[in-house]
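Asker: Show me the folded form of this:
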Amino acid sequence: MKRIALLGSTGSIGRSSLDVMSRFPDQFKAQYLSANDNVDLLAEQAKRFKPRGVVIANEALEPVLREKLRGEKIEVMSGKDALCEIARRSDVDFVIGAMVGFSGLKPTIEALKAGKDVGLANKETLVVAGEIVTDLSKRFGGRLLPIDSEHSAIFQCLAGENSKRIGKIILTASGGPFRTLPKEKFADITIESALNHPNWKMGKKITIDSATLMNKGLEVIEAKWLFGVAIEQIEVVVHPQSIIHSMVEFCDGSVKAQLGTPDMKIPIQYALTYPDRFEADYPRIDWKTLTRLDFETPDTERFRCLTLAFESIRQGGSHPCVLNAANEVAVELFLNGKIPFVKIPELIEQALEAHSFNDELSIDALIEIDAQTRQLTYERAKAVEAA
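Answerer: Here you go, the predicted structure:
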């Protein structure tokens, strides 16, 4: 029985993770669940899965959660420190990092310090602190098992291979909802249309990131750290069908690809069962109806965020931290109707241009840079709104 701490159980990845775990009740136990502020769903999940404890990150909601779980033998905790605590507890064998954004960094670090295996869906953790996180994995023995479909695909393609023989990693991108939309119409993009992803059902933040192609940029940085390759060895290809989840080209020219239906439960299950595979009834590819697989070069003029991500990791140091913080703020402002879609890459680029290189990559330094970048990005957005 593998005891799981599921950080971010009420989000898209969290709900899919619980679905996977429920299919194998003799193999997996939801030991701890957490949410940011979705107290109603967290309480429902707790009543169904009977974890040992739950954490609501928003401390103001702890009394509400306690009331909802009155009579249940479930420990109720709140706050960021509680998230770190459950990630390192001795009654946890595996941590799923499904929290959104920068908030997932510290619990992931605590899990790795405790030698836990981490199923990582929170790509921002490696974007902000890839060197620190991968070093902790090596030092304390906890494995980083990718849950993102693209990185899971690469991980599977590398099974049994010598990683020194990698020629190129090819990350596939669906292209999002605006793949064919002319640039002159970007100014009219609405929140509703940006959230209408053609292939995947995901949370709001990652869906907007997919619409701007920032999600692919973040995945580029994540891939660099997960697989120990140079940024020049990573290529992005638009593949509208989302059947090939990513590919690896080796030094002899051979290419391996991992294919499957666009269903996040498949990579989640692989991370949980690795190195084994368990039988499951997820939808299969219908080879009778799949008649074509298309590939395109991403249009970095329309999707500037992808270029900004490449530039940030080439600059190195704290620049990816700035990229991530500015992006999180810009996406939040767009979803709240404060800025138009086209302003997202502008705010990110302004943050990167204003930032001075900093190679001090301690967690405390990154937390400070993240906070400063967020404040400045909010201020820039307000100045534009006022004008």
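Asker: Only C-alpha atoms from now on, for both contacts and neighbour counts.
Answerer: Noted.
Asker: where does the chain have low pLDDT?
Answerer: Low-confidence segments of the chain, defined by pLDDT under 70: 385-387.
Asker: where do the strands sit along it?
Answerer: Secondary structure of the chain (DSSP state E): strands at 2-7, 28-35, 53-56, 75-78, 94-97, 117-120, 144-146, 166-173, 234-238, 244-250, 255-259.
Asker: got the angle between the last one and strand 244-250?
Answerer: It refers to strand 255-259. Put simply, strand 255-259 runs at 160 degrees to strand 244-250, going by axes from the mean of the first three to the mean of the last three CA atoms, to 10 degrees.
Asker: quick check: angle from strand 255-259 to strand 166-173?
Answerer: Strand 255-259 runs at 30 degrees relative to strand 166-173, counting by the same axes, to 10 degrees.
Asker: which helices and strands sit right next to strand 255-259?
Answerer: helix 149-157, strand 244-250 (3 or more CA pairs under 8 Å, 6 or more residues apart in numbering; DSSP states H and E).
Asker: Direction included, what does that strand pair against?
Answerer: strand 244-250 (antiparallel) (DSSP bridges).
Asker: Contacts for the partner strand, please.
Answerer: 149-151, 153-154, 157-158, 165-172, 255-260 (CA atoms under 8 Å, 6 or more residues apart in numbering).
Asker: just to revisit the earlier point, take the strands of the chain and write them to JSON lines, including mean neighbour count.
Answerer: As requested, the strands of the chain are exported to JSON lines (neighbours: other CA atoms under 10 Å):
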{"stretch": "strand 2-7", "mean neighbour count": "25"}
{"stretch": "strand 28-35", "mean neighbour count": "26"}
{"stretch": "strand 53-56", "mean neighbour count": "26"}
{"stretch": "strand 75-78", "mean neighbour count": "18"}
{"stretch": "strand 94-97", "mean neighbour count": "28"}
{"stretch": "strand 117-120", "mean neighbour count": "25"}
{"stretch": "strand 144-146", "mean neighbour count": "23"}
{"stretch": "strand 166-173", "mean neighbour count": "23"}
{"stretch": "strand 234-238", "mean neighbour count": "18"}
{"stretch": "strand 244-250", "mean neighbour count": "23"}
{"stretch": "strand 255-259", "mean neighbour count": "17"}
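Asker: Export those as JSON lines, with columns for distance to Leu335.
Answerer: Listed next are the strands of the chain as JSON lines, based on distance: least, CA to CA, whole Å:
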{"stretch": "strand 2-7", "distance to Leu335": "23"}
{"stretch": "strand 28-35", "distance to Leu335": "20"}
{"stretch": "strand 53-56", "distance to Leu335": "23"}
{"stretch": "strand 75-78", "distance to Leu335": "26"}
{"stretch": "strand 94-97", "distance to Leu335": "23"}
{"stretch": "strand 117-120", "distance to Leu335": "25"}
{"stretch": "strand 144-146", "distance to Leu335": "27"}
{"stretch": "strand 166-173", "distance to Leu335": "22"}
{"stretch": "strand 234-238", "distance to Leu335": "25"}
{"stretch": "strand 244-250", "distance to Leu335": "27"}
{"stretch": "strand 255-259", "distance to Leu335": "32"}
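Asker: Tell me which of these sits nearest to Arg179.
Answerer: strand 234-238 (8.9 Å; CA to CA).
Asker: quick one: the closest one to chain centroid distance?
Answerer: Relative to the chain's own centre, strand 234-238 is displaced by 18 Å; criterion: CA atoms, centre = their mean, to the nearest Å.
Asker: So what touches that strand?
Answerer: Identification of contacts with strand 234-238 by CA under 8 Å, 6+ apart yields 168-175, 216, 220, 223-224, 295-298.
Asker: now with 10 Å?
Answerer: 167-176, 179, 216-217, 219-221, 223-224, 246-248, 294-299, 306, 310 (CA atoms under 10 Å, 6 or more residues apart in numbering).
Asker: re the thing from before, kindly present the helices and strands packed on strand 255-259 as JSON lines, with separate columns for distance to Leu333.
Answerer: Below are the helices and strands packed on strand 255-259 laid out as JSON lines (distance: least, CA to CA, whole Å):
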{"stretch": "helix 149-157", "distance to Leu333": "27"}
{"stretch": "strand 244-250", "distance to Leu333": "30"}
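Asker: Thanks a lot, see you next time.
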